[in-house]
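> sequence and predicted structure below; questions after.
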Amino acid sequence: MSDILVHAEGGVLTLTLNRLERKNSLTSDMYASLADAIARAQDDASARVVLIQGHETVFCAGNDIGDFLNKPPAGQDSPVFRFLRGIATFPKPLIAAACGPAVGIGTTMLLHCDLVYAGDNAAFSMPFVNLGLCPEAASSLLVPQMLGYHRAAEALLLGEPFMAEAALEVGLVNRVLPPTEANGYASAQAKKLAAKPLSSLVETKRLMKKGQQQAVLQQMIDEGESFGRMLTAPAAKEAFTAFMEKRRPDFSKV
Ligand code: COA
């Protein structure tokens, strides 16, 4: 079965991360599938709302670390950056349902969703520093805005996870539900939106986002340049190798 399931019904295009044996970590092929589906949805009049969801036990364990080692993203046209630009500029409503771990891009992609529903088992984390990396998805701009600088520093410098209730408090998620209900609830909300006039939805979203759109895209470019450089530097190599060898990384020499 495919690692990304695509299902269109009643104006809602649902993209399901489906790589449970690797905790829905994302490979470059998966980013490419997501980016292509989002680009198609933008032009497809029958897709009025897009919903991204995972499984009730895990939303997404971030980038596949083996892929980081073997196929690091090369430049702004690589699948991961196409996906990030796609969600940051998607003109129609974008909804997510996240249960269980949401690591790295599993959390930062939510910053670009209009509505986010979480299972009460959700654990959000952005451990880029712990991997010898830096933030992506404009999270270095959007997380301080959302959490305030000091809580953002805990999340981005220490890489500490925060749970669903804390995410609700800071406004990263709209509602916390039992994990078995999160995808269904998000889907019901998506259907509600799909029944509304699309032109009004698109215009309202455009007006809400326009003040920051350029800054978000520029931040993604700046982050992407640093991220690309850091991916092949000694700290990240040590972090990825340690992960593959199931040991703690030793950053004493980097
Ligand atoms: N890349 C590659 N493989 C991954 C992965 C990732 N990001 N996340 C999990 N996996 C693999 C594990 O190595 C493990 O493989 P194995 O069965 O061969 O040992 C399998 O998926 C199951 O993961 P496991 O860690 O045993 O599950 P868990 O329920 O105990 O923990 C997580 C789940 C998500 C908390 C944990 O897997 C994790 O922290 N993953 C890494 C997250 C990360 O650092 N991502 C990069 C962010 S930029």
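Received it, and whenever you're ready, just let me know what you need.
> excluding chain neighbours, give the residue nearest to residue 133 in space.
Spatial nearest neighbour of residue 133, excluding adjacent residues (C-beta to C-beta, 6 or more residues apart in numbering): residue 230 at 5.2 Å. Heads up, the C-betas are built off the backbone N, CA and C, glycines and all.
> kindly report the same for residue 81.
In space, and not counting its chain neighbours, residue 81 is closest to residue 224: 5.8 Å by C-beta to C-beta, 6+ apart.
> got it, and residue 131?
In space, and not counting its chain neighbours, residue 131 is closest to residue 239: 4.4 Å by C-beta to C-beta, 6+ apart.
> on that earlier part again, number of residues surrounding the residue nearest to residue 81?
A count of neighbours around residue 224, defined by other C-beta atoms under 10 Å, yields 22.
> what are the phi and psi values at it?
Dihedral pair for residue 224: phi -60, psi -40, per degrees, to the nearest 10.
> that one is in contact with residue 77, isn't it?
No - taking contacts as C-beta atoms under 8 Å, residue 224 lies outside contact range of residue 77: 10.7 Å.
> can you pull the pLDDT of residue 114?
pLDDT for residue 114: 98.
> tell me who's in contact with it.
Counting by C-beta atoms under 8 Å, 6 or more residues apart in numbering, residue 114 touches 93-95, 205.
> what does residue 130 give?
Residue 130 sits next to 159, 239, 249 when contact means C-beta under 8 Å, 6+ apart.
> residue 135 in helix, strand or coil?
Using DSSP: H, G, I helix; E, B strand; the rest coil, the secondary structure recorded for residue 135 is coil.
> dump the residue contacts of the residue nearest to residue 131.
Taking C-beta under 8 Å, 6+ apart, one finds 130-133, 249, 251 in contact with residue 239.
> filter those by proximity to the ligand?
Checking the contacts of residue 239 against the ligand by C-beta under 6 Å from any ligand atom, the ones in range are residue 131.
> can you say which of the contacts of residue 239 are buried?
Buried members of the contacts of residue 239, counted by 16 or more other C-beta atoms under 10 Å: 130-133, 249.
> what residues of stretch 52-63 count as buried?
Result for stretch 52-63 [16+ other C-beta under 10 Å]: buried residues 52-56, 58-63.
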